[in-house]
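*Asks:* sharing a model prediction with you, sequence too.
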Amino acid sequence: MIDLYTFTTPNGRKASVMLEEVELPYNVHKIDITKDDQFTPEYVAINPNSKIPAIIDRDTDTAIFESGAILMYLADKTGKFLPTEQKARYQVIEWLMLQMGSIGPMFGQFNHFNMHAPEKIPYAIERYKKETLRLYGVLDKQLADKEYICGDYSIADIATFPWVTIYEIQEMTLDNHPNLKRWHDTVSNRPAVQRGMKVP
């Protein structure tokens with residue numbers, strides 16, 4: 001049994017989508033980051049960085065934090081969505097790292113400055129909007145001849161989808177990136193994705 005500690009953010013959605021995809025039983029523990037639940041001593045003992053998500057695998061008494069690490073752990077545990085052949089495996093890891101290091105941080109900063117910052121800072125909004133659009137282009141080019149980011153559906157797709165799917169909230173469009181839009185629509189139609197995106 002997996003204990004999932006999560007909230008309604010793109011990073012939180014990665015873990016719940018993955019758990020739905022691999023069909024592992026799990027219990028959901030809502031960590032309300034708007035109420036600083038992530039800073040309680042009990043949660044810091046699980047994730048010293050006080051972010052969501054985190055999991056505890058009760059079968060092995062293993063706690064994992066950082067969403068990318070969680071996806072890799074669950075992929076290895078179940079043998080799904082992460083190839084074992086070295087070249088294919090590292091291609092998926094490359095694109096997972098791109099999501100962790102670029103897509104998540106850049107889309108997140110654009111979201112913050114465009115929608116939540118108490119003061120509108122045009123330079124910050126434009127900077128992160130341009131980087132978001134650049135990354136849309138990177139994904140669109142990668143998907144030009146592939147159904148999924150690395151060919152087969154993988155944790156690279158699971159990690160990236162929850163960030164791309166906030167495009168409407170960010171007042172963006174995928175219409176100028178047809179390969180990315182097609183991919184987004186394909187992934188959004190997966191039943192496990194639909195279930196995972198509703199957790200908690």
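*Replies:* Cool, the structure landed. Numbering: from 1, shown residues only.
*Asks:* from here on, just use CA atoms for contacts and neighbour counts.
*Replies:* Noted.
*Asks:* helices or strands next to the strand or helix carrying residue 136 in the packing?
*Replies:* Counting by DSSP states H and E, the element that carries residue 136 is helix 122-142. Helix 122-142 sits against helix 104-111, helix 178-188, with contacts defined as 3 or more Cα pairs under 8 Å, 6 or more residues apart in numbering; DSSP states H and E.
*Asks:* show the end-to-end separation of stretch 161-171, please.
*Replies:* Stretch 161-171 has an end-to-end distance of 17 Å (criterion: Cα to Cα, to the nearest Å).
*Asks:* quick check: mean pLDDT across that stretch?
*Replies:* For stretch 161-171, mean pLDDT rounds to 96.
*Asks:* check stretch 128-148 too.
*Replies:* 98.
*Asks:* likewise for stretch 36-45?
*Replies:* Stretch 36-45 comes out at a mean pLDDT of 98.
*Asks:* what's the first-to-last distance across that stretch?
*Replies:* Stretch 36-45: ends 15 Å apart by Cα to Cα.
*Asks:* give me the contact list for it.
*Replies:* For stretch 36-45, the external contacting residues (Cα atoms under 8 Å, 6 or more residues apart in numbering) are 31-32, 50-52.
*Asks:* among the residues you listed, name the buried ones.
*Replies:* Using 16 or more other Cα atoms under 10 Å as the burial test, the contacts of stretch 36-45 include 31, 50-52 as buried.
*Asks:* now the most centrally placed residue in the chain. Nearest residue, chain neighbours left out?
*Replies:* Nearest to the geometric centre of the chain sits residue 159, at 3.4 Å (Cα atoms, centre = their mean). Closest residue to residue 159 apart from its sequence neighbours, by Cα to Cα, 6 or more residues apart in numbering: residue 14 at 5.4 Å.
*Asks:* so that neighbour is in which element?
*Replies:* Here residue 14, judged by DSSP H and E, is contained in helix 10-22.
*Asks:* hmm, who's touching that helix?
*Replies:* Taking Cα under 8 Å, 6+ apart as the rule, helix 10-22 contacts 4, 6-7, 25-26, 52-53, 67, 70-71, 74-75, 78, 80, 155, 158-159, 162-163, 192-197, 199.
*Asks:* what residues sit buried inside whatever helix or strand comes next after it?
*Replies:* Beyond helix 10-22 on the C-terminal side, the first helix or strand identified by DSSP H and E is strand 26-30. Buried residues in strand 26-30, counted by 16+ other Cα under 10 Å: 26, 29-30.
*Asks:* what lies in contact with strand 26-30?
*Replies:* 1-7, 19, 199-200.
*Asks:* so which of the residues you listed are in helices?
*Replies:* In this view, those that belong to helices under DSSP state H are residue 19.
*Asks:* coming back round to it: would you put the C-alpha positions of the helix holding residue 14 in PDB?
*Replies:* Extracted in PDB, the C-alpha atoms of helix 10-22 (Å, rounded to 0.1, in the frame of the first residue of the first chain):
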ATOM      1  CA  PRO A  10       0.700  20.100 -11.200                       C
ATOM      2  CA  ASN A  11       3.400  18.400  -9.200                       C
ATOM      3  CA  GLY A  12       0.900  16.700  -7.000                       C
ATOM      4  CA  ARG A  13      -1.000  15.500 -10.000                       C
ATOM      5  CA  LYS A  14       2.100  13.700 -11.400                       C
ATOM      6  CA  ALA A  15       2.100  11.200  -8.500                       C
ATOM      7  CA  SER A  16      -1.600  10.500  -8.500                       C
ATOM      8  CA  VAL A  17      -1.700  10.000 -12.300                       C
ATOM      9  CA  MET A  18       1.200   7.600 -12.000                       C
ATOM     10  CA  LEU A  19      -0.400   5.700  -9.200                       C
ATOM     11  CA  GLU A  20      -3.600   5.400 -11.300                       C
ATOM     12  CA  GLU A  21      -1.600   4.300 -14.400                       C
ATOM     13  CA  VAL A  22       0.300   1.600 -12.500                       C
END
